[in-house]
Structure formats: C-alpha cells, structure tokens
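Colleague: Kindly generate the corresponding structure for this input.
(chains A and B)
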There are 2 protein chains.
Amino acid sequence: MTHPLRLGIAGLGTVGTGVVKIIRQKANLLAERADRPVVITAVSARSRDKDRGVNLKDYAWEDDPVALATRDDVDVFVELMGGSDGPAKAATEAAIAAGKDVVTANKAMLAHHGHALAMAAEAAGRVIRFEAAVAGGIPVIKTLAEGLAGNEVTRVMGVMNGTCNYILTRMQSAGLPYDDVFEEANQLGYLEADPTLDVGGIDAGHKLSLLAAIAFGTQVDFDAVELDGIERITIDDIHQAADMGYRIKLLGVAQLTGRGLEQRMSPCLVPDTSPLGQLEGGTNMCVLEGDAVEQIVLRGPGAGEGPTASAVMGDVMDIARGFRMSVFGRPAAGLTKAKPAQAVTPAPYYLRMALEDKPGAMAKIATVLGENGVSIDRMRQYQHDGSTAPVLIVTHKVTRNDLDHALAAMDELDVMKETPVALRIETV
Amino acid sequence: MTHPLRLGIAGLGTVGTGVVKIIRQKANLLAERADRPVVITAVSARSRDKDRGVNLKDYAWEDDPVALATRDDVDVFVELMGGSDGPAKAATEAAIAAGKDVVTANKAMLAHHGHALAMAAEAAGRVIRFEAAVAGGIPVIKTLAEGLAGNEVTRVMGVMNGTCNYILTRMQSAGLPYDDVFEEANQLGYLEADPTLDVGGIDAGHKLSLLAAIAFGTQVDFDAVELDGIERITIDDIHQAADMGYRIKLLGVAQLTGRGLEQRMSPCLVPDTSPLGQLEGGTNMCVLEGDAVEQIVLRGPGAGEGPTASAVMGDVMDIARGFRMSVFGRPAAGLTKAKPAQAVTPAPYYLRMALEDKPGAMAKIATVLGENGVSIDRMRQYQHDGSTAPVLIVTHKVTRNDLDHALAAMDELDVMKETPVALRIETV
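Modeller: Have a look, this model is predicted:
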C-alpha cells in the first residue's frame, strides 16, 4: 500500500456532498480497490455554515478555491463548482500550475476552455478527467476514450439532458402541451436557473462537443455545435410522430464526414422501437459507433447526487490507481481544429405545416417541394375545425440545403398559416 | 513518444485475425492515442499455411505458444486460443513467469483458473486483462472495475450468450419450437462445437463468475454458479409469458446478500418493457447496479470479429498507456472465497404444468401450493384438445425452498402429466 491520494474538493452542492459521503462511508473499500487510501484534506464552498448532512470537521476549510487548489497537501483538485469562467476556471488553472491533477464535472468550462486547459495540463504533466461532465453516472468518456480505443469512431449520439427527455416523454404520456410540462418540470426543480441551458440544448451541446473531441481527435469546438431546442415541439408533433412510429428526442449527433465535422443538438425523430426511442423520463443514453465494435448503447441516470458522484469517483479512482492519459484521449498538442461540416448528412425529415383550408393549397406545397428536389415519402392531413388544415409530411432522404430552399419557398406561399417546422429523422 | 509496445499473439481465428487487422490498418491512430506505437512482433497458431486474409510475413512465427509467450521481443502475450486448460493455460503461465503482461479473451480459462493466474501475475508485478472474455464488444469489465469503482455493487445481471438470445427471440418471432430454431442456429454456425456450452448456460456462466468476482471482491468461483439451460423452454412458455407481459431470457444474476453470494444463470422472465425484455437477437446486455450510480445498462454485440477484437484492443491500449490494475479490481491476495448463498433471494415464479383434465385436478394443485406457503398471483388455464390441460401460474414472491417443496409435492400428485417447469421472474 502506497501513500494516500489527497483530494481538495471545491464546491459542496449536491455532487460535492455526494463525493464526500462516498469517501467517508467507503474508505476501506476504496483503499482496497486502489491499493492505497483516498482521503480528503481540504474543502471549499460558498457558505461554511450551511448544514450539508456530512461531517466536514476533519478537513481544512478554504474560502478561496484558488487557495484550495494550490495547497501542498492536495494531490487532486476536484472542481465541482460549475460555471464556464470565474472561480472554477481560475482555480483549475491554478491547480494545474501548481502541479495538481484535476477532476471536474464542469461541462461548460470544458466546452469553452477544454483545449486550452488540456494544453496547460499536458505541458505540466498533469491529467484532467471529466467523466461526470457528460451523461451523469454513465461512464461514457471512459468507454469512448479507453474501451473503444481500437476503433475509428464513426458516429456518437446521445440523449444527454434528462430535463428535456422528461418534458418530451411526459408530454406524450400525459397528453399535455409543452408549456404545462415545462412549468411542471420547473416546480419539480428540474430546470437550471436559466432554463435555456436545458430546453435550448446548450447544456447537452456542451456535452456533445466534449464527446466529439474525444471521438474524432479534434479540438473541442462548442461554437460549431448546431443548436436547436425543444421549445417549438408541440403536443401535436409528438402525437403525430408517434402515429408514424417515431419518438421525438433532443438528440445530439456528432460525425466526421468528407464534408467536415457535424455536431448537431436538435429535436429529432427516432424509431419508437429503438433503444433511443424507448428511453423514458430523465434517463440518459449514449450510442457509440465504431468501425470494429459496431454499436454500443449506454443507458443510465444523467444527474443526481449518487450517479454524478459515482462518475467523479471513477475518475478519482483511476488517478489513485496511477492511470494517466491525455485529457481528450490523444496528446492535446496534436489535436486538430476540425472544419465544421458545410452540409450535414442527408436524412429524411418530418415537416409540420398549417395550411389555409382552400382548394389547391396542397398542390402548391407539393409543387414547391418537387421543384426543390424534396420527394415525399408519406403525407397526412388531419381532420380539423376552422380554416387551418394541419398537414404532415415525411420526406425521402434530402440534403438540408434542398430542404432549406424548399422551406423558404413554402414560407412565401399565400397558403401557409405559420412557418413550417422541420425535424430530422435520425437513423439509429 | 516512448518505445513501442510489442505484442505476441497466440491464436489466429476470427478474433486474432481481427486484432491483426486493426493493428495493421490503424497503426497511426493507435500510436497517436497511446502516445507510442503498438506493434506485433510474433504470432502463433495451429496452421501456418492457412489463408487468413491478413499479411503475417512481418511477424516471427512460433509453432509453440509457450515459445511465443516467452520471447524477449514480446511485452504483452495476447491469448486468443481458447480452452480452459492445455496450451492456453500453459502459455499464459509461461508468459507471466517470463514477466509479460497478458490480454486474453478466454472466459473458460479464467472461470476455472482466474484466481490462481491473478495471484501469479500480481506476484510477478504483471497484469492480466480480459475485456473480450465477457459480453464481446461491450466494455463491461472496464465499466464495472473502473467506472463504478466508487460504488458498492449491489447486483449484476446480464444476457451474455447471443446464441441463446437468438434462439429465444427467434422462437417468439417465428413461432417455431425450440428444436427447429436450435437446428437453424446450428446451420448458421452460431453454436459451439459442444452446444451445451451455449444452451446449457455454461459459457454465460463462465462470464457471470468473472463479473461476480470483480463486483464483490471475491475469488472467481464458477463451480458455485447455479446453471440451468434453455433446453426445456417451449414455444408455449414463450407465448404464455408474452401474454402476461414478459419475455424469457437466459439471464445471469449475481448478488451478495446476508445469505451469501448468489450466482445464477438460468432462463428467467423479465418485463417486456424493460431494456432486458426488449433485447432481440444475438445482442448482449449487462445491467450493473451500485449504491451510488443506481443502474447502468450496457448493450452491444456479444461476439464477432470486430466487436471482440475491439475489446482486446481496449485492453492492449490500456497497457500501452501505462494503466496497470489488479486483475479483478483489488489485489488478488485480498480476495475472499465467498460463501455460496444457501438460499436465493425470494422472487415470484412462473409455473407451467400439464394436468389431467379431470374434476378436482386444479383443486389438488392449489391445495399443495397453499400447504407449502406458495400463494398464487395469477392463474390461466388454456383451451386444449385431448386429456391434458395446460395450466400456468404466476406466484407471489416465494422462497425457492418453499417452491421446491411445493414442486416436489405436486410431482407426487396423480393429476400431473409431466414434471412442472418453474422459471424465476426477475425484477429489473
């Protein structure tokens, strides 16, 4: 048994408290597994007096996370404060400069500064691990960077925001409109202080950009993620997609093609019989595809004290066991800046539109689609009251360019009551 | 970039050939990821002349795997021959004695000799890794031993024999009896030379015993796995289970309770809406439960050249990156020999019986069940021709002891046309 691994933990919210509990309650088990003790030497948080249900008196207290990160008795700086900049970034940089390894759950910080932090860490011979930043308790970073290290990764997909999946599946099961379920999620405390982070796809987009960097050996490029939220999904979309054998998911997809790197986080239709289609509630799912392994699907809790602390501890235990790897699975200095794809992979699309209920309306739509090279696979017009006819179309595979032209031309027609909605149908 | 990692590969069947292809085709990618080249220096197989579709001329050839395992220019002995004893074991032992690390896909060898091999390897400061031995391309060992290292594992479950799952799901989808689908699987080359390894649950039992050792910190104990195969499952069982909302799976379950270590590999009923219930064809699935992470589900191909080679390469890359861990996740010297559970966790059971179609038959059955403390949740008698009435019962939760007494007493009754079948209903 060698010397203990000493942690300094900054941030004692749900996850930080969960990590403290695990280390206190399972000291023997962890020491046995790592073949050395894993201990906490110091902690830092905003309020020293708050009752967190754990005993912190054995640990030194630091008001300043930078001071914590640079203490002599800290080997690993565990950053659980959150926030892309500010104290989290300052303390992480200070930790690296002081020769500490870093474990973090901070997707926003890594999505924005991951490459620079990885460069700094690797120049200093330190590691940064961030399993808890993506898909909560699911060890997806480990699976992708280590388990599939013999693969050329072909595609990565994920439902990685439990709140959005809760909203979408709850709309379907309860037959409630978006606004009602959004409010319900809010009451349940499922939403971030700024709900756009969730329902706008930003939080999930952060995660996708980290997976893409590992999968394709590229520099993290969150700004290149095409983001579309779930705010425009109606209960009718959900019912009508279900009618045609699909479910709507806020789905992240990353793939590297001859056209460049595609990173998309957007509501998509997936077959209702697929593992993604069957995912209910707040659970997360990641689908990893490689040339050798074909397809691996990982499913588990995407948030919460226990699952997220479990992911943090996986990283801590790897460091305790002496495992040291490049932050993104290859030396950061060799990561290239990927060209964002100029055009995404062609796919079938689901189109929802509201037409004036007058003779010739459908003909005009069909003509515009045809003129723009969009061919119709299935079309449904629903029974309706009043003067607006709800029409759904599933197209054959089409380029987004052709589709965008068709949508623009349709929007010009005098029979369109509102801007049509187009959702990609992802093959899974 | 440091010195290359040099592999000696013994066994050039499907998996070995797959590994050679990956290393030849992706030399640059692997070197980038490991920050050092990964090369093959020597190979060994039964026939030197066989055309395997890969170029082997760059590698030294050894007829004897022991000679391969002990070559000076080999750092890692990659054992892909199979067989619990014989050359595989001799060469593995020789490799360890010669100071080599070992990567193997050999579940039978590890199920029978895993503890002794781990003791030898750790005494010599070497590692043995065996991701490919369990569930093909799914990185389940890595997830359990590393990703969930902060958890007390509470239960491990898995559908880990693709052939059995193919047979069971094909019986259902095609409505064919067991014998027909068994023959079909045989024609397709899905079965081992000794099919009992598959349909008798032995192969999957080997895998379960390895997962149990990692999960619970116990010495591998394959002999304590309760084995029951799928040979007695009829098409009627499958239809009737489906009728009640279940699917039948050859399911492995390991859990450590106050009664000792349970290791069961047997046909079980699982809810048809659960991830396990929805698993079709040859795909594998592992369900890992821990006190912090709750439940992680992993799904992927359980066999085949690419997936299994992917798992082997995951291990090779870990070693190339310098990751060294105890074989079963804790030092082998500290692993205890678990007491096999004297009684398995109580559960509801599905009972199928064929009764004489005469007055009072059901009353006798109901009486015997009641007298033995088995209470009935649901009962169905199906329409029938002739003198035999097919009867199904789903019990409430019952101890296996009570159930066994009830079954023995039922077997004595004069109304029973054949020995009843009892299948456990597993909560998932």
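Colleague: Relative to chain B, which residue of the stretch 51-200 of chain A is the closest?
Modeller: Using Cβ to the nearest Cβ, the closest approach of the stretch 51-200 of chain A to chain B is made by residue A:150 at 2.5 Å. All C-beta atoms are positioned from the backbone trio N, CA, C, and that covers glycine.
Colleague: part of a strand, is that residue?
Modeller: No - counting by DSSP: H, G, I helix; E, B strand; the rest coil, residue A:150 falls outside a strand, being coil.
Colleague: Quickly note the distance from it to residue A:50.
Modeller: Counting by Cβ to Cβ, to the nearest Å, the gap between residue A:150 and residue A:50 amounts to 47 Å.
Colleague: what's the answer for residue A:149, then?
Modeller: Distance from residue A:149 to residue A:50, counting by Cβ to Cβ: 42 Å.
Colleague: Could you check what's spatially nearest to the residue nearest to the spatial centre of chain A, not counting adjacent residues?
Modeller: Centroid check for chain A by Cα atoms, centre = their mean gives residue A:204 as the closest residue, at 2.9 Å. Spatial nearest neighbour of residue A:204, excluding adjacent residues (Cβ to Cβ, 6 or more residues apart in numbering or on different chains): residue A:161 at 4.1 Å.
Colleague: What separation is there between the one you found and residue B:277?
Modeller: From residue A:161 across to residue B:277, the span is 26 Å (Cβ to Cβ).
Colleague: Same check on residue A:421?
Modeller: In this view, residue A:421 and residue B:277 are 34 Å apart by Cβ to Cβ.
Colleague: same deal with residue A:246?
Modeller: For residue A:246, the distance to residue B:277 equals 21 Å [Cβ to Cβ].
Colleague: Which one of those two is surrounded by more residues?
Modeller: Each of residue A:246 and residue B:277 has its neighbours counted (other Cβ atoms under 10 Å in any protein chain shown); residue A:246 has more, 24 against 18.
Colleague: Residue A:151 is in contact with residue A:291, correct?
Modeller: Yes - between residue A:291 and residue A:151 there is a contact at 5.8 Å, judged by Cβ atoms under 8 Å.
Colleague: higher neighbour count, these two?
Modeller: Neighbour tally, residue A:291 and residue A:151, criterion other Cβ under 10 Å: the higher count belongs to residue A:151, 27 against 16.
Colleague: which one is the more buried one nearest to, not counting chain neighbours?
Modeller: Closest residue to residue A:151 apart from its sequence neighbours, by Cβ to Cβ, 6+ apart: residue A:290 at 2.9 Å.
Colleague: Show the contacting residues for the one you found.
Modeller: Going by Cβ atoms under 8 Å, 6 or more residues apart in numbering or on different chains, residue A:290 touches A:148, A:151, A:152, A:153, A:154, A:296, B:310.
Colleague: burial count for the fourth one?
Modeller: Look at residue A:153: counted by other Cβ under 10 Å, it has 22 neighbours.
Colleague: Show me the beta-bridge partners of it.
Modeller: Beta-bridge partners recorded for residue A:153 (DSSP bridges): residue A:290.
Colleague: That one and residue A:269, how far apart?
Modeller: For residue A:153, the distance to residue A:269 - Cβ to Cβ - is 24 Å.
Colleague: With residue A:29 instead?
Modeller: Noted for residue A:29: a distance of 44 Å to residue A:269, by Cβ to Cβ.
Colleague: Same drill for these two, tell me which one is more crowded.
Modeller: For residue A:29 versus residue A:269, neighbours defined as other Cβ under 10 Å are more numerous around residue A:269 (25 against 16).
Colleague: Excluding covalently adjacent residues, which one is nearest to that one?
Modeller: Leaving aside its chain neighbours, residue A:269 sits nearest to residue A:246 (4.0 Å; criterion: Cβ to Cβ, 6+ apart).
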